[in-house]
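Chemist: Build the 3D model from these lines:
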Amino acid sequence: MPVGTVRVSGYRELMRSLQHAEKDVRNRTRKRLRELAGPVRDSARSKLGAYSERSASKLGISVRQRGVSVEQRLRKTTGKRPDFGSLQMRKALLPALGEKAGEVEHGLEQMLDEVIRENGF
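Modeler: Residues are numbered from 1 along each chain as shown. As a prediction, the model looks like this:
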């Protein structure tokens, strides 16, 4: 497994089945996935703040069909630091995921159990 990925068996199938579920179920599930990624984003923000407060403030969470990601939403501005994307990954994003991976996996298992139990998927 790549260092920056938490793989979940059945995630894609869950997201497909949610397309046929009620809108409320979809929204609650997506909201919960976003909440699960919050600690990773917060940890990455604190680590990245030492290099750039502006970049740290623009880290965001995206929930998509293919997965959930913490990503930089700030556009490239100066080009004076061509290695800054790599620095963000090495010093903030990957270490934050490494620290919080167990918490994310545990929360995801609980969330999936709740969704299945409540909706009979």
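
Chemist: Helices along this structure, start to end?
Modeler: 11-18, 23-48, 53-57, 84-88, 94-119 (DSSP state H).

Chemist: Any chance you could list what contacts the third one?
Modeler: Applying C-beta atoms under 8 Å, 6 or more residues apart in numbering, the external contacts of helix 53-57 come out as 44-46, 48-49, 72, 74, 84, 88, 92. Backbone N, C-alpha and C define where each C-beta goes, glycine included.

Chemist: try the fourth one
Modeler: Contacts to helix 84-88, defined as C-beta under 8 Å, 6+ apart, come from residues 48, 51-52, 55, 72, 81.

Chemist: Closest to residue 108 out of those?
Modeler: Nearest to residue 108 out of these is residue 72 (C-beta to C-beta; 22.9 Å).

Chemist: Quick one: neighbours of that closest one, just the number.
Modeler: A total of 19 residues lie near residue 72 under the criterion other C-beta atoms under 10 Å.

Chemist: and it, what pLDDT?
Modeler: Residue 72 carries a pLDDT value of 90.

Chemist: Surely residue 41 is in contact with residue 61?
Modeler: Yes - with contact defined as C-beta atoms under 8 Å, residue 41 and residue 61 form a contacting pair (5.7 Å).

Chemist: what is in contact with these two at once?
Modeler: Joint contacts of residue 41 and residue 61 (C-beta under 8 Å, 6+ apart) are residue 70.

Chemist: between those two, who's got more neighbours?
Modeler: residue 41 (20 against 17).

Chemist: How much space separates residue 105 from residue 115?
Modeler: Distance of residue 105 to residue 115, computed by C-beta to C-beta, to the nearest Å: 16 Å.

Chemist: My error: substitute residue 109 in the last question.
Modeler: Plainly put, residue 109 is 11 Å away from residue 115 if you go by C-beta to C-beta.
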